[in-house]
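Need coordinates for the below:
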Amino acid sequence: MKTGTGPGGHRARMRRRIRTAGAHSLADYELLEVLLFAAVPRRDTKPQAKALLASFGSLEAVLDAKPAALRAAGLGPRGVAVLGCPARVAWRLAHPDLRAQVMFTDMTAVLDYCDRLPVHETDGWRVFYLDSVRHVLADEVTATGQPADMCRAVLARALELHAVSLVAVRDMDRQAPPEGGSPADLRFGRMLHTHARLLGLTLHDCVLRGGGTSTSLRAMIVA
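Now for the predicted structure:
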C-alpha cells in the first residue's frame, strides 16, 4: 500500500484540513468521521458516519441520541462513549460549573444551590462532597439500589475525593416529602451517618425536597 493511502492517509489529510481550514470546513458526515477516529483506531469511519446521519436525520440528532438508540443503529461501546461527549461539553459550556463558587455555610445555601440544578431521578440521592471549609468538591447522584450498596458507594467516593464532610439531598420533584421520611430514606441516612463517622467523615444532613418544601432527616438519623 502506498504511503498516504488507506484509512491512515485519509485521517492525516482530514487532520491537516482542520488545521489549515478549520473544523467549520467539514461536512456533517466528516465531523462524525473525525469524532469516530477515537473509537475506531484503524478502520475507515466514513461509512459508519454516513449511516448514522441517514438513520437519525441530522448531526444534531446523532449527537443528542441516547446510548440505546446509538447501539441500535450499530455503534459499538467505544463509539457510543465518544459521541456522548460533545453534547455533555455543550451542556457544560452553557451551564458553568458552580462548585468553585459555592461554600455550604448552612442548609439554606445547600437548598439554594439545588434550586439551580436540573432535577434528577427521584430514587437516587444527590450527594455533595465537601472539603474542610465546605467548598463543594463534587456533587453526584447515586445509582439507585439497596441502602447498604448506596452507602458503600458514597463513602468510597468520599475517600477517593479526600472529602471531609457530606450532605445528601433527595429531590422528589413536585411530590411533597413524606413526614419523617420513608423507611428506606431513614435506613440510608442512618447507615451513612454511622459509617461516615467511623471513617472520620461528617454527614451534615440528609434532606428530602419536593413540592416547594424540604424536610431534614438529621434529628432522626443521628439519634
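
all contacts plus neighbour counts: C-alpha atoms, from now on.
Fine.

show me what contacts the most centrally placed residue in the chain?
In the chain, the centroid-proximal residue (C-alpha atoms, centre = their mean) is Glu140; its distance is 7.2 Å. Contacts for Glu140 (C-alpha atoms under 8 Å, 6 or more residues apart in numbering) come out as 126-128.

Next SSE downstream of the lowest-mean-pLDDT helix or strand in the chain?
Ranked by mean pLDDT, DSSP states H and E, the helix or strand of the chain with the weakest confidence is helix 85-94, at a mean of 76. For helix 85-94, the succeeding helix or strand toward the C-terminus, using DSSP states H and E, is helix 107-115.

Relative to the whole chain's centre, how far out is that next one?
With C-alpha atoms, centre = their mean, to the nearest Å as the basis, helix 107-115 stands 20 Å off its chain's centre.

CA atoms only: put the helix or strand just after that helix into PDB for me.
Counting by DSSP H and E, the element after helix 107-115 in chain order, helix or strand, is strand 126-130. In PDB, the C-alpha atoms belonging to strand 126-130 read as follows (Å, rounded to 0.1, in the frame of the first residue of the first chain):
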ATOM      1  CA  ARG A 126     -27.600  13.800  45.200                       C
ATOM      2  CA  VAL A 127     -24.500  13.700  47.400                       C
ATOM      3  CA  PHE A 128     -22.300  16.800  48.000                       C
ATOM      4  CA  TYR A 129     -18.800  16.000  48.900                       C
ATOM      5  CA  LEU A 130     -17.200  18.900  50.800                       C
END
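
where do the strands sit along the chain?
126-130, 136-141, 165-171, 202-210, 213-216 (DSSP state E).

Turn those into JSON lines, including distance to Leu70.
Listed next are those as JSON lines, based on distance: least, C-alpha to C-alpha, whole Å:
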{"stretch": "strand 126-130", "distance to Leu70": "28"}
{"stretch": "strand 136-141", "distance to Leu70": "24"}
{"stretch": "strand 165-171", "distance to Leu70": "29"}
{"stretch": "strand 202-210", "distance to Leu70": "34"}
{"stretch": "strand 213-216", "distance to Leu70": "38"}
